[in-house]
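Asker: Model the following, please.
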Amino acid sequence: MRKIFSTLVASITLALIFSCLDAASPSQTANAATALAITGTSVPQATLGKAYTTTLKATGGTSPYQWRLVSGTHVPGLSLGESTGQIHGTPAEGGSFTATYSVTDASKPAQVKTVQLTVVVATPALAFATTSLRAATQGTKYATTLQATGGTPSYGFSISSGKLPAGITMSSAGVVSGTPTASGTFPVTVAVKDSSSPNLTKSESLSLVVTAGKTTTSALAITSATLAAGTDGAAYSSQLKASGGTPAYTWSITSGKLPAGLTLAATTGVISGTPSITGTSSFTAAVTDNSNPDQIKSAATSITVAVSTSQKPGPGTTWYIRADGGSNTQCTGKTNAAYPGSGSGQACAFNHPYQMLNSSGGWANMAGGDTIQFADSSSAAHTYYMGEQNAGVGSDWSSTLGGICPAPNTGGGAGTSCILPAPPSGTAAQHTRILGQNAGSCHDSAHTHLVNPTVLSGINNAFAVLDTRATDYVDISCIEITQPDTCTNTAGAGQCGSNANYVHYGGLILNYGAGSQGPSNLTLNDVAVVGIAGSGILGSELNKSSSDVFSATDVYVIGNGAAGWNGDSGGCGTSCETVGTMNISYATIDWNGCVAVEPYDMTKPDTQNAFNYCYGQSDGGYGDGFVQIAAGNMSLNVDHSHFRWNTQDGFDGLHLSDDVKTSPAIHISTSWSEGNAGATFKIGAGASSTAINNVSISNCRILTTASAFPLNPSGWTLDGADSCRAAGDEWSFQENNGTVITMENNTSVGYGTTMYDVGCAALAPNCFSNGATFVFKNNISKGYADPGNGNRLASGFYFGMGNPFANAGSAADHNLWSTMDQGCPDSTIGIEKIYTCADPGLASESNINAINPNLTSSSPAVGSGIAISGITTDFNGTTRPNPPAIGATE
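Answerer: Sure, this is the predicted structure:
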């Protein structure tokens, strides 16, 4: 039996339990003079970290003797000399270690004796060996290493209060190094934590004195007042530059936005990419230096993106749409001007995109690489009704588009086919584009809503509003897709009637039906799909090759009756798999399974608007926020996105790993999931999948509480049978053979049966015994009482079959556990040695429905994490120090 001491051992005596099991023959035991015996029943005690030697001795029998360990636990760090009986070395762990040793002589037959020893290794008190820091000089390189003694090595160091001078950092190993850029005295309190279980901690107040050097700090300034112009569709690179202050510099955009397609590198100031929007984009750039305190400087600047000169009549033609334009006989559609009021073939814009269709519903003259540019004023959103006139809404297209549009006001869903066809495909060099009136300046700086997009409103039971099936290289920007009526296609109250104006299947169709090909290289930028009776975005089988990329930035999928982003083609198994790459950034996927009350104001964050007719699966609804189930060898990258108040799961990528013949991967970071009736995040791993810097709040009963949402009309609440579905799992994971899931720096709070549910895919039921692994570091897990389940606290980890943490390559350390059913650390993991047991000290944590995951200054999570390569910033974009905080935020 082995018992690890967690308290100081001032004076420990060695307990020796002696038990001789006589293995000699009767003739030998009859001769006492030659009987083998073990002598020496007292040995010195051991001390952790100090050299130790003792010798087991035997008499009688026939020498030489041979000693060996028979059973039990030998003191780590010590070894046994088989020919000498000497136990020697340096103990590596403190505690009590019981083992049975045997001695065998050279008689024939041999005599054997055994002895059971319990060795207690004393653990000295944890203490700082470093009680002062040598002085440093401003502008001169500095390095020193903190030392600790006692306790159980290894040690982890952190700063619990105070701040080192700018330019100096401290690693978790206690290395204080860098080049100080400021002089003065800098007091800090340093904490050291050992590796015992539970940890011993000790604090020491130190001061680093930095004497003034020759280094001077000049005022920080931005020296790049103007930036190079760009060309639509051409590679772009220009650098923001600064002088003065104390490098290194960190760059950010504090207001406005870059042209679509361009990004800013925070560490270099380089703006690069391929712009996809024309016009001038104004923004404010800020630079922060490394002074103490930091200097910050801002400057207003802009980038102008010109139309590519490669655009020519035919492929590359820009077709203009504006409300004051004319018909396709009155105007050419190639000039951004109003119809003058008389004449035909005038140089003016069309008044509706249907003017570009022929009588059978195909494109009359649009070619691949063309642009549809809505050109109404950017000061207010303008609506175009998509479909045949119904109940007095929309225009009558039956005379010109009689092949697809019925007579006006026929009702009964007769207008299903009266929609735009999929746009003709572009090429890598010349994309086909559909651009709203405010493209290039179409969302707010906080990424909460669109700014005056062009609105396409589906009417008369339209099948869809925009169709992208089987297209290639199509860009859609600054478009809102909606419907006029507040109704859903789910059975029950609020169901759309036969004469209603609504969209039945999906606002944006990617593919529909088993085996149909979705778009390749589709780009969505500033696109909202809101208040659709069916799904917001519908379909899968994206991309055709491994080099294809699907991109979605600033996409808002809100309040759609069936589901939000529904990547389930249905019934196709592995025949409609997505390949290549899906990149999703700044997506807001909220309130799906409910329908937005029309008219919906997309110029406000969705928390200011109202929703109705919420249904989950038990009521014949659906309600997933984001789901993608069919995946081949694809990578799904998601960042800076929100998944909230959906009537099923928030983010569901669990079934990407169903097909064990493929290797899809999910990488989700800096995202937030809250208030969903099902799980917050569901991740499948056909390869290596990661979850980093995310906030997860499992308060799945909130949708049954109408008083929590006073702006919503009566009748909106979710049926209680759908809240906390799947036993209230918060995170769900599914692995294949040999795969790995990595969770690092996440903050997870909430109630439900299980916080982390880890299982194997149905076609890989023994994945844990076949090498599946799990890495779990720097995560906060805080449980709350479940008001619908007897106030039960959530368990931490649950494994279906086996335990991935038992496999080489798995890891669990530097996590914080608070009020979890399985204690601290989670007893199911079994391998975690370094951890924190404490309330995380969140900025707001008393109400599970109003969590603020930012850490207070006194939080025990601050500085208690371990530096992880590649994780340089937190959920808020703040630079992570070394050591970093545990959880999603610093």
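Asker: Show me which helix or strand of the protein is least confident by mean pLDDT.
Answerer: Lowest mean confidence among the helices and strands of the chain (mean pLDDT, DSSP states H and E): strand 15-17, at a mean of 29.
Asker: which is the next helix or strand following the biggest strand by length in the chain?
Answerer: Criterion DSSP state E: the longest strand present in the chain is strand 578-590. Later in the chain than strand 578-590, the nearest helix or strand by DSSP states H and E is strand 595-596.
Asker: Against which helices or strands is that following strand packed?
Answerer: strand 611-612 (3 or more Cβ pairs under 8 Å, 6 or more residues apart in numbering; DSSP states H and E). For the C-beta atoms, the positions are set from N, CA and C on the backbone; glycine is no exception.
Asker: right, and the helix or strand after the strand it packs on?
Answerer: strand 626-628.
Asker: Just the CA atoms of the longest strand of the chain, as CSV, please.
Answerer: The C-alpha trace of strand 578-590 is given here as CSV (Å, rounded to 0.1, in the frame of the first residue of the first chain):
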residue,chain,number,x,y,z
THR,A,578,-17.5,18.0,-47.6
VAL,A,579,-13.8,18.2,-48.4
GLY,A,580,-11.1,20.9,-48.5
THR,A,581,-11.4,23.7,-45.9
MET,A,582,-14.2,25.5,-44.2
ASN,A,583,-13.2,28.8,-42.6
ILE,A,584,-15.9,30.5,-40.4
SER,A,585,-15.1,33.7,-38.5
TYR,A,586,-17.3,36.1,-36.6
ALA,A,587,-20.5,34.1,-37.0
THR,A,588,-23.5,34.8,-34.8
ILE,A,589,-25.8,31.7,-34.7
ASP,A,590,-28.6,32.5,-32.3
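Asker: count of residues packed around the spatially closest residue to Gln517 that is not a sequence neighbour?
Answerer: With sequence-adjacent residues excluded and distances taken as Cβ to Cβ, 6 or more residues apart in numbering, Gln517 is closest to Ala470, at 4.6 Å. Neighbour count for Ala470, taken as other Cβ atoms under 10 Å: 15.
Asker: now Ser197
Answerer: Counted with other Cβ under 10 Å, the burial measure for Ser197 works out to 16 neighbours.
Asker: so it sits right up against Ile831, yeah?
Answerer: No: counting by Cβ atoms under 8 Å, Ser197 stays clear of Ile831, with 11.3 Å between them.
Asker: element containing Ser71, please.
Answerer: Assessed by DSSP H and E, Ser71 sits inside strand 66-72.
Asker: tell me the centre residue of the protein?
Answerer: Ser669 (2.6 Å; Cα atoms, centre = their mean).
Asker: And that one, how far from Ile871?
Answerer: Relative to Ile871, Ser669 is positioned 9 Å away (Cβ to Cβ, to the nearest Å).
Asker: List the residues that contact Thr753.
Answerer: By Cβ atoms under 8 Å, 6 or more residues apart in numbering, the residues touching Thr753 are Ala727, Gly728, Asp729, Asn789, Arg792, Ala794, Ser795, Tyr798.
Asker: Let me see the contact set for the fourth one.
Answerer: By that I understand Asn789. Applying Cβ under 8 Å, 6+ apart, the residues contacting Asn789 are Cys724, Gly728, Tyr751, Thr753.
Asker: Filter these down to just the ones in helices.
Answerer: Per DSSP state H, helices hold no members of the contacts of Asn789.
Asker: What subset of those residues is buried?
Answerer: Among the contacts of Asn789, those buried by neighbour count (16 or more other Cβ atoms under 10 Å) are Cys724, Gly728, Tyr751, Thr753.
Asker: Do I have it right that the first one meets Asn676?
Answerer: No: contact criterion Cβ under 8 Å: Cys724 and Asn676 do not qualify, at 9.8 Å.
Asker: Now do the shared contacts for the two.
Answerer: Shared contacts of Cys724 and Asn676, defined by Cβ under 8 Å, 6+ apart, comprise Cys700.
Asker: on that earlier part again, pop out the phi and psi values for the residue nearest to Gln517.
Answerer: phi 60, psi 20 (degrees, to the nearest 10).
Asker: Please apply the same query to Ala706.
Answerer: Dihedral pair for Ala706: phi -60, psi -30, per degrees, to the nearest 10.
Asker: Does it touch Thr717 like I think?
Answerer: Yes: here Ala706 reaches Thr717: they are 4.8 Å apart, a contact under Cβ under 8 Å.
Asker: Which one's more surrounded, the two?
Answerer: Taking other Cβ under 10 Å, Ala706 and Thr717 do not tie; Thr717 has more neighbours (19 against 14).
Asker: which residues sit in contact with the more buried one?
Answerer: Thr717 sits in contact with Cys614, Leu703, Thr704, Thr705, Ala706, where contact means Cβ under 8 Å, 6+ apart.
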